[in-house]
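Asker: Quick one: sequence and predicted model below, then my questions.
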2 protein chains.
Amino acid sequence: MFENQNNRTELGTLGEFGLIKHITQFIGLKNESSVKGVGDDAAVIDYRVSGGAHLQTVVSTDMLVEGVHFDLAYVPLKHLGYKAVIVNLSDIYAMNATPRQILVSIALSNRFSLEAVEELYSGISLACERYGIDLVGGDTTSSPSGLVVSITAIGEAEKKNLVYRDGARESNLLCVSGDLGGAYVGLQLLEREKKIYKENPGIQPDLEGNDYILERQLKPEARKDLPLIFEGLKITPTAMIDVSDGLASEILHICTQSGVGCNLYEEKIPIDPMTYSRAREFNLDPTTCVLNGGEDYELLFTVDIAHYESIKEHADISIIGHITDSAAGCNLVSKSGTVHPLKAQGWDALRKS
Amino acid sequence: MFENQNNRTELGTLGEFGLIKHITQFIGLKNESSVKGVGDDAAVIDYRVSGGAHLQTVVSTDMLVEGVHFDLAYVPLKHLGYKAVIVNLSDIYAMNATPRQILVSIALSNRFSLEAVEELYSGISLACERYGIDLVGGDTTSSPSGLVVSITAIGEAEKKNLVYRDGARESNLLCVSGDLGGAYVGLQLLEREKKIYKENPGIQPDLEGNDYILERQLKPEARKDLPLIFEGLKITPTAMIDVSDGLASEILHICTQSGVGCNLYEEKIPIDPMTYSRAREFNLDPTTCVLNGGEDYELLFTVDIAHYESIKEHADISIIGHITDSAAGCNLVSKSGTVHPLKAQGWDALRKS
């Protein structure tokens, strides 16, 4: 739908080393900690300890596979590159750490031209630019079919600031940044328009007036502001995770690993009005979209109840429940007051295939 | 040829989280620097500075794609897992650094059973065990077809010990560990037997008496002993790279990045007698197999000529040439004394597809 096939340079004319050279020629290093980037057997990183701080290194990796995680019929390659970086940075922010470097590996078939690869890397570069990240390494290879993008993100944090999934304690507040469900409803819209387009290629996709949910799906952002907000409020979450798989699954991760239960209040879940109304148009329950949809890349966290006053005032944080004893289980309290056990139906890549 | 299909548990019965849980249940952490492994948004690593040492972090990543880098007709999954780790560790040793952690991402189609995934991970685990590596993270997802394994290796080195590709200087000795060409000739043997097997499935593959070259291809090792040898000989190479793409390509990387030329002497290239005779049987020039074959995972390095005496005595290191002025170019001096410019035909994944 969005592809531009006007210019086409075959990758075979460059070869692997030529392609790497072409891609990396404009890559500069921004972070002092990026000692050596692309061009040797390995990248070299130097997180120096200064002023008695105890720095630790944080590493996360994610693989995106064509036909499983993205559909190039409606995902422009630039957006894909951007999102592939964001997905990884989000994991680093979810540790309350600061991402500094990424390594990018791609496998692609000869269906892709040099211009297509450039588009992909322009999105990767844009994300690096906006988040202050250096691309320090990677691998480029061919695939018999389709595109695979595997990114590893590396960051740093002071040991005392790191937040794991297992620190939630009874009576902690359960909080989430931003709003949820938009990325999933945006995906439903794109899938519908793709279906219409396939049945009748003459009809142009009708995506107008849906910018917000489309951006949530196609060009998500990672919450790099959250660690700063915590610093400003003098709060360290007791547990944190990013919302990539749907809220229910993420809450259960925190509760299982922390050995606690929780009450999640349906009426407290932040849902944007556009997400809500489009979900309704698709005959979807907006709450179900939030619980099982995923890809919102907001941060879910728990904090000591002593911080209630400062948290409740914050425009971009919602208190959606509280942590209970593990014996009470993990529950969703519906708007009508009925209590249901939370289930992780999540976005399960292996079941979908 | 080697597949065992007796037991088969469908991956769909576990789901993504179930599979991750299953795979990771036996993973323990060996290194003090592995603070947090699998199970959170990111792994946490702590390379502490001790005794005034200035540690730096070294990171490398490689992606192996079915049908491009391996053929499951003759590569057992356990060997594939082992080799996928080795390929990455080799890059870390090529920096004169010590690998400590890996992250493993796999994409696989539902053609693979749980038992197949277990085989793959048993090879990964074995490599981790032998090399003292912790598996601290990764991603597991589905693919529409085929298997993709993407591994990121992380290691540490004292800043002063790191060896880059760009430090080769005029009159330096050009050296290589072990022997070369075996992996490529082993691959030719496997390809021949596969072809025979395909044409007549009744004939069992005739691989007897070829253990060495088959192991070089199917179960390579990384030269973790080299940094120790250098330490023992009180040598720091001026430049180093691992031989993954063929000797010619690797020499040219060092010469180009160091801004120098070189003379490589054909008669000095270490080739195992089995590699030599099997190459001849295939009507291949053994030297060409070395120059363009690749996958040997030996280390190619340059050292100051002052170390000539200590290097020449070492049973596992060959001096194969010397570094010259860049104006002299990069040359192969043949056994008959004729001089040819070195060309990187290498193993080019993108041209092959």
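Answerer: That came through, no problem. Numbers count the residues shown, from 1 in each chain, chains lettered A, B, ... in the order given.
Asker: where do the strands sit along the stretch 201-350 of chain A?
Answerer: Counting by DSSP state E, counting those that start in this stretch, the stretch 201-350 of chain A forms strands over residues A:239-242, A:261-265, A:299-303, A:317-324, A:330-333, A:339-341, given from the N-terminal end onward.
Asker: The third one near chain B at all?
Answerer: No - using Cβ under 8 Å from any Cβ of the partner chain, we find that strand A:299-303 stays clear of chain B, coming within 9.6 Å at best. For the C-beta atoms, the positions are set from N, CA and C on the backbone; glycine is no exception.
Asker: And stretch A:124-138, by the same measure?
Answerer: Yes - with Cβ under 8 Å from any Cβ as the criterion, chain B is reached by stretch A:124-138 at A:136-138.
Asker: CA atoms only for that stretch - export them in CSV, please.
Answerer: Output in CSV follows, covering the C-alpha atoms of stretch A:124-138 (Å, rounded to 0.1, in the frame of the first residue of the first chain):
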residue,chain,number,x,y,z
ILE,A,124,16.7,2.9,12.6
SER,A,125,18.8,6.1,12.3
LEU,A,126,15.9,8.4,13.2
ALA,A,127,15.2,6.4,16.4
CYS,A,128,18.9,6.4,17.3
GLU,A,129,19.0,10.2,16.7
ARG,A,130,15.9,10.9,18.9
TYR,A,131,16.9,8.6,21.7
GLY,A,132,20.6,9.4,21.7
ILE,A,133,21.7,5.9,20.8
ASP,A,134,24.8,4.7,18.9
LEU,A,135,24.5,1.9,16.3
VAL,A,136,27.8,0.1,17.1
GLY,A,137,27.5,-3.2,15.3
GLY,A,138,25.4,-5.9,13.7
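Asker: Buried ones in that stretch, by neighbour count?
Answerer: Counting neighbours by 16 or more other Cβ atoms under 10 Å in any protein chain shown, one finds that the buried residues in stretch A:124-138 are A:124-128, A:131, A:133-138.
Asker: quick one: contacts of it?
Answerer: Contact partners of stretch A:124-138, identified using Cβ atoms under 8 Å, 6 or more residues apart in numbering or on different chains, comprise A:24, A:26-27, A:29-31, A:34, A:36-38, A:42-43, A:45, A:78, A:81-82, A:84-86, A:89, A:99-106, A:153, A:222, A:224, B:59-61.
Asker: Narrow those residues to those that are buried.
Answerer: Judged by neighbour count, with buriedness set by 16+ other Cβ under 10 Å, the buried members of these are A:24, A:27, A:29, A:31, A:34, A:36-38, A:42-43, A:45, A:78, A:81-82, A:84-86, A:89, A:99-106, A:153, A:222, A:224, B:59-61.
Asker: So which of those are in strands?
Answerer: Using DSSP state E, A:34, A:36, A:43, A:45, A:99-106, A:153, B:59-61 are the members of the buried ones among the contacts of stretch A:124-138 that sit in strands.
Asker: count of neighbours near residue A:326?
Answerer: In terms of burial, residue A:326 registers 15 neighbours under the definition other Cβ atoms under 10 Å in any protein chain shown.
Asker: Roughly how far does residue A:101 sit from residue A:131?
Answerer: Residue A:101 sits at a distance of 11 Å from residue A:131 (criterion: Cβ to Cβ, to the nearest Å).
Asker: no, scratch that, I was asking about residue A:316
Answerer: For residue A:316, the distance to residue A:131 under the criterion Cβ to Cβ works out to 18 Å.
Asker: and what of residue A:273?
Answerer: Where residue A:131 is concerned, residue A:273 sits at a distance of 28 Å (Cβ to Cβ).
Asker: what about stretch A:12-23, near chain B?
Answerer: Yes - applying Cβ under 8 Å from any Cβ, one finds stretch A:12-23 touching chain B at A:12, A:14-17, A:19.
Asker: farthest pair in those residues?
Answerer: Within those, A:12 and A:17 form the most distant pair, 12.8 Å apart (Cβ to Cβ).
Asker: tell me the helices in the stretch 51-200 of chain A, going along the chain?
Answerer: All helices of the stretch 51-200 of chain A, identified by DSSP state H, counting those that start in this stretch, fall at A:77-93, A:114-131, A:182-199.
Asker: Let's test this: name the helix or strand in chain A with the lowest mean pLDDT.
Answerer: Ranking every helix and strand in chain A by mean pLDDT, DSSP states H and E puts helix A:349-352 at the bottom, with a mean of 38.
Asker: Tell me who's in contact with whatever residue of the stretch 151-300 of chain A ends up closest to chain B.
Answerer: Here the residue of the stretch 151-300 of chain A nearest chain B is residue A:152; by Cβ to the nearest Cβ that distance is 4.4 Å. Residues near residue A:152 by Cβ under 8 Å, 6+ apart: A:59-61, A:88, A:102-103, B:59, B:61, B:103, B:152.
Asker: Can you give me the pLDDT of residue A:69?
Answerer: The predicted structure scores residue A:69 at 92 on the pLDDT scale.
Asker: now do the one 4 residues further on
Answerer: Confidence per residue is given as pLDDT, and for residue A:73 that number is 89.
Asker: burial measure for the closest residue in space to it that isn't next to it in sequence, as a count.
Answerer: If you skip the residues right next to it in sequence, residue A:73 has residue A:194 as its closest partner in space, 5.3 Å away by Cβ to Cβ, 6 or more residues apart in numbering or on different chains. Other residues lying near residue A:194 total 15 when counted by other Cβ under 10 Å.
Asker: the domain parsing of chain A - what is it?
Answerer: Residue ranges for the structural domains of chain A, counted by automatic domain parsing, are given in the record as A:11-161, A:173-352.
Asker: what's the spacing between the first one and its chain's center?
Answerer: It stands for domain A:11-161. Averaging C-alpha positions (Cα atoms, centre = their mean, to the nearest Å) puts domain A:11-161 14 Å from its chain's average.
Asker: Can you get me the start-to-end distance on it?
Answerer: With Cα to Cα, to the nearest Å applied, domain A:11-161 spans 45 Å between its terminal residues.
Asker: Let me see the contact set for the residue sitting nearest the centre point of chain A.
Answerer: The residue lying closest to the centre of chain A (Cα atoms, centre = their mean) is residue A:87, at 3.2 Å. Listed by Cβ under 8 Å, 6+ apart, the contact set of residue A:87 reads A:62, A:64, A:151, A:220, A:244, A:297.
Asker: So for it, what's the pLDDT?
Answerer: Confidence at residue A:87, expressed as pLDDT, is 96.
Asker: so how far is residue B:286 from it?
Answerer: The spacing between residue A:87 and residue B:286, counted by Cβ to Cβ, is 47 Å.
Asker: Repeat that for residue A:95.
Answerer: Applying Cβ to Cβ, one obtains 51 Å for the distance of residue A:95 from residue B:286.
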